[in-house]
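Trainee: requesting a structural model of the entry that follows:
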Amino acid sequence: MTSTARSHGLLAAAAVLYAFALSIVLFWPVHVDGDGGLIRFDGVLGWLGGLGVSPEAGYPLVESVANGVLFLPFGLLVALAAERWHPVLRVATAAGLALGFSIAAETAQGLFLPDRTVDPRDVVANTAGAAIGALVPVLVTRARRVARVRSGAAPTR
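Mentor: Predicted coordinates for the structure are as follows:
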C-alpha cells in the first residue's frame, strides 16, 4: 500500500469516526449539556464566574465556543480531503458544507427532537469552527513552504 493510499484510508476512517461522534452529539434526544446530556459546562462556568463573568453571559459564550470546537475537525477533514485545491476554496468549501449541514441538523432537531432547541447562533458557531479547522492545514502548508524557501530548498507542492 502506498503512503498516499494509506493516508487516504486514514482520512476516510477519521471522517467516519467523526461523522459518528458528530451524529451522536447533534441528534442526542435532549440538550447535550443538560440533564441526561453527554457533557457538563459547570466547571468552565464556575471558572468564568470566578473571573466575574455572569452565568447569563458565560453560558452562551461557552456554548458557542463548544459548538465551534465541535466543528473544527469538520473543517480540518474537508481541507485535508481537498489538499490540491486552492487554499481559499478549501476554507470556503468547508465553511459552506458546515453551514448547509448545520442548517439541516438544526432543522432536524426542530422537527424531530422536541427537547432540543433550534438556535441560529449554533449554525454561525459551527460554520466558524469549520472555517477555522480548514485554516489549520492551509496555514501549516504555507508555513512549511515559507520555511523551505528561507532554507534555500526547492519549493514543493
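
Trainee: CA only for contacts and neighbour counts going forward, please
Mentor: Will do.

Trainee: could you check which helix or strand contains the residue nearest to Val25 when sequence neighbours are not counted?
Mentor: Once flanking residues are discounted, Val25 sits nearest to Val32: 6.6 Å by Cα to Cα, 6 or more residues apart in numbering. Using DSSP states H and E, Val32 maps to neither a helix nor a strand.

Trainee: quick check: phi and psi on Val32?
Mentor: Main-chain dihedrals, Val32, degrees, to the nearest 10: phi -70, psi -20.

Trainee: right, and it touches Ile39 too?
Mentor: Yes: with contact defined as Cα atoms under 8 Å, Val32 reaches Ile39; the gap is 6.1 Å.

Trainee: settle it for me: which of those two has more neighbours?
Mentor: Set Val32 next to Ile39 and count neighbours by other Cα atoms under 10 Å: Val32 wins out with 17 against 12.

Trainee: and the pLDDT at that one?
Mentor: pLDDT, Val32: 83.

Trainee: return the distance of it relative to Ser23.
Mentor: 12 Å (Cα to Cα, to the nearest Å).

Trainee: same deal with Phe112?
Mentor: 14 Å.

Trainee: now swap in Val44 and tell me
Mentor: Taking Cα to Cα, one finds Val44 at 24 Å from Ser23.

Trainee: where does pLDDT dip in the chain?
Mentor: The chain contains residues with pLDDT under 70 at 1, 153-157.

Trainee: which parts of it are helices?
Mentor: For the chain, applying DSSP state H gives helices covering 3-26, 42-50, 55-81, 87-112, 120-151.

Trainee: mind putting the ones you listed into CSV with mean neighbour count?
Mentor: Converted to CSV, the helices of the chain look like this (neighbours: other Cα atoms under 10 Å):
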stretch, mean neighbour count
helix 3-26, 13
helix 42-50, 13
helix 55-81, 19
helix 87-112, 18
helix 120-151, 19
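
Trainee: now do the contacts for the residue nearest the centre of the chain.
Mentor: Among the residues of the chain, the one closest to the centroid is Phe71, at 1.5 Å (Cα atoms, centre = their mean). Counting by Cα atoms under 8 Å, 6 or more residues apart in numbering, Phe71 touches Ala98, Asn126, Thr127, Gly129, Ala130, Gly133.

Trainee: over to Tyr59?
Mentor: The contact partners of Tyr59, by Cα under 8 Å, 6+ apart, come to Leu45.

Trainee: thanks a lot, see you next time.
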